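A.B. asks: can you look at this prediction? I've put the sequence above it.
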Number of protein chains: 4
Amino acid sequence: MTDFVPTPTLPAPDIVRCAYMEIVVTDLARSREFYVDVLGLHVTEEDENNIYLRPLEEFIHHNLVLRKGPIAAVAAFAYRVKSPAEVDAAEAYYKELGCRTERRKEGFTKGIGDSVRVEDPLGFPYEFFHEVEHVERLTQRYDLYSAGELVRLDHFNQVTPDVPRGRKYLEDLGFRVSEDIQDSDGVTYAAWMHRKQTVHDTALTGGNGPRMHHVAFATHEKHNIIQICDKMGALRISDRIERGPGRHGVSNAFYLYILDPDGHRIEIYTQDYYTGDPDNPTITWDVHDNQRRDWWGNPVVPSWYTEASLVLDLDGNPQPVIEREEKSEMAVTVGADGFSYTRKSDDDGGAQQGFKLGAQL
Amino acid sequence: MTDFVPTPTLPAPDIVRCAYMEIVVTDLARSREFYVDVLGLHVTEEDENNIYLRPLEEFIHHNLVLRKGPIAAVAAFAYRVKSPAEVDAAEAYYKELGCRTERRKEGFTKGIGDSVRVEDPLGFPYEFFHEVEHVERLTQRYDLYSAGELVRLDHFNQVTPDVPRGRKYLEDLGFRVSEDIQDSDGVTYAAWMHRKQTVHDTALTGGNGPRMHHVAFATHEKHNIIQICDKMGALRISDRIERGPGRHGVSNAFYLYILDPDGHRIEIYTQDYYTGDPDNPTITWDVHDNQRRDWWGNPVVPSWYTEASLVLDLDGNPQPVIEREEKSEMAVTVGADGFSYTRKSDDDGGAQQGFKLGAQL
Amino acid sequence: MTDFVPTPTLPAPDIVRCAYMEIVVTDLARSREFYVDVLGLHVTEEDENNIYLRPLEEFIHHNLVLRKGPIAAVAAFAYRVKSPAEVDAAEAYYKELGCRTERRKEGFTKGIGDSVRVEDPLGFPYEFFHEVEHVERLTQRYDLYSAGELVRLDHFNQVTPDVPRGRKYLEDLGFRVSEDIQDSDGVTYAAWMHRKQTVHDTALTGGNGPRMHHVAFATHEKHNIIQICDKMGALRISDRIERGPGRHGVSNAFYLYILDPDGHRIEIYTQDYYTGDPDNPTITWDVHDNQRRDWWGNPVVPSWYTEASLVLDLDGNPQPVIEREEKSEMAVTVGADGFSYTRKSDDDGGAQQGFKLGAQL
Amino acid sequence: MTDFVPTPTLPAPDIVRCAYMEIVVTDLARSREFYVDVLGLHVTEEDENNIYLRPLEEFIHHNLVLRKGPIAAVAAFAYRVKSPAEVDAAEAYYKELGCRTERRKEGFTKGIGDSVRVEDPLGFPYEFFHEVEHVERLTQRYDLYSAGELVRLDHFNQVTPDVPRGRKYLEDLGFRVSEDIQDSDGVTYAAWMHRKQTVHDTALTGGNGPRMHHVAFATHEKHNIIQICDKMGALRISDRIERGPGRHGVSNAFYLYILDPDGHRIEIYTQDYYTGDPDNPTITWDVHDNQRRDWWGNPVVPSWYTEASLVLDLDGNPQPVIEREEKSEMAVTVGADGFSYTRKSDDDGGAQQGFKLGAQL
């Protein structure tokens, strides 16, 4: 399937990092309560229809836009490029790929200047911009520092049916793979890809898509993440804690997945590793390794595999969701049809060794 | 059923705290690897058949004895009493209760002096002693401080079929209840009981018993517990992580349950609260409150409810296990027959509100 | 000098723990800002002249009363006793000692019932009470949990000229010594004394007195203390950080000393150790051990030795301050006349070995 | 003085990051004890004269070489460049600058390939290389994870008399300034400069030079740094804790400075911030701001300003140390001649406001 992505001849835009996500929420007040009162994101600006949010250490206008709308979905995955000229490069690049593009000199959201939005080959609404309003970086505003403080946007995660195809597209675009999950039949289940010097700016998760799997914010330390759980318990919304906290195998980060009022998934994430060297070693995990998704072998709940957010086209309509044709990670690892191992044994290829009985559905 | 415990007329022995557990393990070398190499307990003394262990801040000879034997079981739950005379008081007290007792001036284990062991009314092998060898308290030996360092014995946990009966027995013995779990029909599922100024020295968990549910060691901070998980992942024994880490509803402690090579369950525990005032408020949890066992609503795995260690009589034979007759906590909370809530709703009594779908078996 | 304390014949009142301090502040609004806005103590109740404060895990009405008054001072060091009858015992005990006492059935502060206040043999205003209003224990109110949350009152610290005399008085009163600082000439510089199962409920610091050296609140973990420093930096009141953070030699706790707007000293403290066994080992430190006050050898600032708060008599007048006659810890350890060691050498008694040059005044 | 650095016409080599430091130690066994036993760095390789060390998350051969020699000094500040061709670029660049260079195809140390070393315009021995042996990245080897684990090389710090001159040189070389310290007379006291996306790969500290001020390793969390202090206390080498722990104003990192057996200064450092955007805001601190070096206003000990390690020329001889001509940061901030402020007042320009009396020499 990977031949479906044409190889571009134009240079890819020079992407600095994932920069913000625009998500459509159905009840702006309830979402504000979740993102501002529960999670403590800082409001840069807000009006009747939009809230512009940033974590503590951000100096650009926002990392998250909540926009009021009829259908919960994602309107943009926005990347910052290195210079204004790179926005031109992005526009040309996607035009050559045959993608629909839209350029707005004044930006698509407040605080952002000249931008181009595209419907990318995987069906995702990608945005590229450089110009941005600088705002107060709250790094040392410890008077505002909450016990579960979010400090940085870390990454996006996208669901797409054909991971190798998506990977080729993103590698062409200048992303480098830090880690992936495969099986011995050569099926790729997921891939982590970065521009900045962390494990990822975005990841591809194999599944029905295009859909948004999650957006992740970083904390300084692990106890900050535990506090978010404790606070959600105190607020009696622990049912919105979907998975974790735990230690990822992939990325080595300490993680937590929670759900906003519309079911958009947020990851809270801390302590992955430096990937800035050009020969940073890529790590490939076996899909049957029971510690790949959770280093402690704790099970992945099914909803984490199956649920995700719709994404919008440039007209604001949800993109149709295409089914994954290859094996699903859930099917090959969870329940009666799946098998996993904690340790490889010497004589049977490791299957079923150290499986955590009763801990999987 | 609570009338089965006769009310003693003699004063109860003045218990200071839970002090050590003697457990029988079937492979001493494998157990040593677990408790010393993985968990980092400090060896006070060892010989061919026994290892005497203590955590960092202990100054008595040991908090755990591993004894080699044919059947994995618990030989003693030992409490320290306030003075040598209180050992006499304990012996007289249990004799009046009609229990079998055995007194040994030289102690039952190395490092311990005059002691009495009893087969208590619930079938557990309890020991009471005062005399003990002092050893180096390693509190400031930060050169020995591992990343997952255990610093203190915290508590025992015992499985018994009739919790109210056990509770009356322990209250007579001078324990005070800090927290319990009940339902609206008046069934008690578990109770936490203390002598020292923490949430418990021992707890009673309703189930087939007498059996030992777990023994718990404290760490200083939450990250120490996370490190134990991370290390077990690195050693590829994550299948011995049974439950957690998580935040308890009951006790408010941050916790982890792991299994030793014989399946004896160890809890790692930190940050419960002070209970030393005579009118310390008792907290009663509803068995259907989905946050009672895990404040984040993460499910309790079935094995945690069903598995436990045999206990020995004074001849060293396993005590027969008697079935619980009342409803089981697992049955009323997990799976098709159970129901739980995260929040009480206004109109239906709260059942099924905020249930974390897919997260329970 | 120790013969100045008469040996009582009556039984001492059974003290549970240090319970609250009443301090007089000169500007109630400024003090509120410090204790509530900066430190995050929770207001149980307040009026024009008083603010009643408690940390997260307290269930009695308050641990601190701020009372508006003309002279910054301490009006009471209050201890909770085990039963109402123990208030009678306290009154009788101090009357026999020849101390002035005052009994108030309705209590001296809101939320507290029948109490006796005394001018004790060392000149301190001590209070004993049992009856108290229970308030919401905020233990699991993680929605209120600040990044530098204070969770428990830990101890008092009192300055007195004659530490052995004070120690005898407090031992008669039922306190036990956990640690002390002495020199080879037999001079005692400080002693730590407890009723509850921690290192201290109060400590005696040798110096001109009676004065209040500090009152200490506990946090859960070390990072909570660091956050308090960070926040004071953000508020540009770092000049009120007097000493620390650091690791105590004595008590092993992680500590910080800060100053309120009147110069009353507050310690933030975490992770000392269990002292509940009757034979808990007492630790004696050499005054010349450079790690006794700070395990890392960081210098004690002179103000920490010289500054302290006045205490009031039962009429509300400041007690006269009596000079210490014995050597001062500051003089024997800091500066030109002092000497300290980090390590003992083999041949010169250890003096001057490993002294941290330039780090002392 | 800044005109002393010629402006190069050739492109600067594309530097990825600071990669390793080679230091000469006088007693290899004692140094091994410090770096391996105390600090827990991992030995990649060692022989009679050299030890090659790396922290947990490194995948290149080493970040630190200890080489046995007669005079404690620094033999190389080595940077990794993006490709083999960039070594050629580096050689040409420095030749054009008129600097002495030495090229070795087989590298100057084990594990490193084709490299060039130069005597740079400031007198420092800089190395540039790309080829390097990959070794096991220990990121998830939590079985090896010590309580004070170092995980990454963070940065170098160099002492040079003329900071603006050094800054121009490093900016020409492609470094970007993240923060600096100046006064209102336009004197620059220090500057922080980065290639990777952290606050710095190296910093310039104004003083007599060329000398090496420190080399810094990162930990994951703050408690890891506290443990290093605690361990040095337990080993009774707290006199090698020179400064801290504390929170930097500049960089916002939590820090500690310790001294190796030769007096080489090591910083332990955690949690600065992302600087990867091209318009990352530069922060300028006032030299009189009492929180610039320590956010909590704790004093900088004089030795930190005055002591530093010699650096070697390409023949292995110490470079002569040239005196700083401009005002020294110590002189303008510490003691009788200096003044600092914690807060700016409205009417006197802020001098002497909130000065932490007694805390400075």
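C.D. replies: Looks like it came in fine.
A.B. asks: that's a strand at residue A:233, yeah?
C.D. replies: No: if the criterion is DSSP: H, G, I helix; E, B strand; the rest coil, then residue A:233 is helix and not within a strand.
A.B. asks: distance of it from chain B?
C.D. replies: For residue A:233, the distance to chain B equals 4 Å [CB to the nearest CB, to the nearest Å]. For glycine as for every other residue, the C-beta is placed from the backbone atoms N, C-alpha and C.
A.B. asks: correct me, but that residue touches residue C:142?
C.D. replies: Yes: at 6.6 Å, residue A:233 counts as touching residue C:142 under the criterion of CB atoms under 8 Å.
A.B. asks: got the residues of chain A near chain B?
C.D. replies: Contact residues, chain A versus chain B (CB under 8 Å from any CB of the partner chain): A:221-223, A:226, A:229-230, A:232-233, A:236-239, A:241, A:245, A:247, A:249, A:254, A:290-291, A:295-298, A:301-303, A:342-343, A:354-359, A:361.
A.B. asks: among those residues, which lie within helices?
C.D. replies: A:222, A:223, A:226, A:229, A:230, A:232, A:233, A:302, A:303 (DSSP state H).
A.B. asks: quick check on those: which are buried?
C.D. replies: A:222, A:223, A:226, A:229, A:230, A:232, A:233, A:303 (16 or more other CB atoms under 10 Å in any protein chain shown).
A.B. asks: determine which two of the ones in helices among the residues of chain A next to chain B are furthest apart.
C.D. replies: For these, the farthest-apart pair by CB to CB is A:223 and A:302; their separation is 29.0 Å.
A.B. asks: thinking again about what came up before, the residues of chain A next to chain B also near chain D: which ones?
C.D. replies: A:221, A:222, A:249, A:295.
A.B. asks: tell me the contacts of the residue lying closest to the second one once chain neighbours are set aside?
C.D. replies: Distances taken as CB to CB, 6 or more residues apart in numbering or on different chains place residue A:254 nearest to residue A:222, at 4.8 Å, with adjacent residues excluded. Residues near residue A:254 by CB atoms under 8 Å, 6 or more residues apart in numbering or on different chains: A:222, A:225, A:245, A:246, A:247, A:248, A:269, A:270, A:271, B:226.
A.B. asks: and if you look at residue A:233?
C.D. replies: Contacts of residue A:233 (CB under 8 Å, 6+ apart): B:247, B:249, B:291, B:295, B:296, B:297, C:140, C:142.
A.B. asks: pLDDT at it, what is it?
C.D. replies: Residue A:233 carries a pLDDT score of 98 in this model.
A.B. asks: for chain C, what are the nearby residues on chain A?
C.D. replies: So chain A meets chain C at A:140-147, A:149, A:221, A:223, A:227, A:230-231, A:233-235 (CB under 8 Å from any CB).
A.B. asks: mind running it again at 7 Å?
C.D. replies: Contacts of chain A with chain C, taken as CB under 7 Å from any CB of the partner chain, map to A:140-143, A:145-147, A:149, A:221, A:223, A:227, A:230-231, A:233-235.
A.B. asks: number of residues surrounding residue A:114?
C.D. replies: Per other CB atoms under 10 Å in any protein chain shown, the neighbour tally for residue A:114 reads 16.
A.B. asks: the residue lying closest to residue A:274 once chain neighbours are set aside: neighbour count?
C.D. replies: Closest residue to residue A:274 apart from its sequence neighbours, by CB to CB, 6+ apart: residue A:197 at 5.7 Å. Number of residues near residue A:197 (other CB under 10 Å) recorded here: 19.
A.B. asks: ok, and the most crowded of the contacts of residue A:233?
C.D. replies: For the contacts of residue A:233, the largest neighbour count, defined by other CB under 10 Å, is 29 neighbours, found at residue B:297.
A.B. asks: ok, that one touching residue B:290?
C.D. replies: Yes: assessed by CB atoms under 7 Å, residue B:297 is found in contact with residue B:290 at 4.9 Å.
A.B. asks: before we move on, the earlier item: ok, the ones next to chain D among the residues of chain A next to chain B vs chain B, which is closest?
C.D. replies: residue A:295 (4.0 Å; CB to the nearest CB).
A.B. asks: check contacts around that closest one.
C.D. replies: Counting by CB atoms under 7 Å, 6 or more residues apart in numbering or on different chains, residue A:295 touches A:247, A:248, A:249, B:230, B:233.
A.B. asks: which one of those is nearest to residue C:201?
C.D. replies: Of the contacts of residue A:295, the one sitting nearest to residue C:201 (CB to CB) turns out to be residue B:230, at 37.8 Å.
A.B. asks: tell me which residues touch the closest one, please.
C.D. replies: Counting by CB under 7 Å, 6+ apart, the residues that residue B:230 touches are A:247, A:295, D:142.
A.B. asks: now residue A:116
C.D. replies: Taking CB under 7 Å, 6+ apart, we find residue A:116 in contact with A:87, A:90, A:91, A:101, A:102, A:103, A:127, A:128.
A.B. asks: most neighbours, which of the residues you listed?
C.D. replies: Ranked by the number of neighbours (other CB under 10 Å), those place residue A:90 first, at 29 neighbours.
A.B. asks: thinking that residue is in contact with residue A:127, fair?
C.D. replies: No: using CB under 7 Å, residue A:90 is not in contact with residue A:127, being 8.9 Å away.
A.B. asks: give me the neighbour count for residue A:276.
C.D. replies: Using other CB under 10 Å, the number of residues around residue A:276 comes to 17.
A.B. asks: just to be sure, residue A:95 is in a strand?
C.D. replies: No: with three-state DSSP as the criterion, residue A:95 is helix rather than part of a strand.
A.B. asks: for the nearest residue to it once chain neighbours are set aside, give the beta-bridge partners.
C.D. replies: In this structure, residue A:95 finds its nearest non-sequential neighbour in residue A:101, 5.9 Å apart by CB to CB, 6+ apart. Beta bridges link residue A:101 to residue A:118 when assigned by DSSP bridges.
A.B. asks: so what's residue A:101 up against?
C.D. replies: Going by CB under 7 Å, 6+ apart, residue A:101 touches A:91, A:94, A:95, A:116, A:117, A:118.
A.B. asks: repeat that for 10 Å
C.D. replies: Contacts for residue A:101 (CB atoms under 10 Å, 6 or more residues apart in numbering or on different chains) come out as A:90-95, A:116-120, A:126, A:128, A:314.
A.B. asks: closest point of the stretch 1-150 of chain A to chain B, which residue?
C.D. replies: residue A:147 (12.4 Å).
A.B. asks: distance of that residue from residue C:54?
C.D. replies: Separation of residue A:147 from residue C:54 (CB to CB, to the nearest Å): 18 Å.
A.B. asks: and which of the contacts of residue A:295 is nearest to chain C?
C.D. replies: Of all the contacts of residue A:295, residue B:230 has the smallest distance to chain C: 18.0 Å, by CB to the nearest CB.
A.B. asks: does any part of stretch A:119-130 sit near chain D?
C.D. replies: Yes: for stretch A:119-130 and chain D, the contact criterion (CB under 10 Å from any CB of the partner chain) is met by residue A:130.
A.B. asks: where does the stretch 201-350 of chain A dip in pLDDT?
C.D. replies: A:335-338, A:345-350 (pLDDT under 70).
A.B. asks: and the strands in it, which stretches?
C.D. replies: Secondary structure of the stretch 201-350 of chain A (DSSP state E, counting those that start in this stretch): strands at A:202-206, A:211-218, A:241-247, A:254-259, A:265-270, A:283-286, A:309-311.
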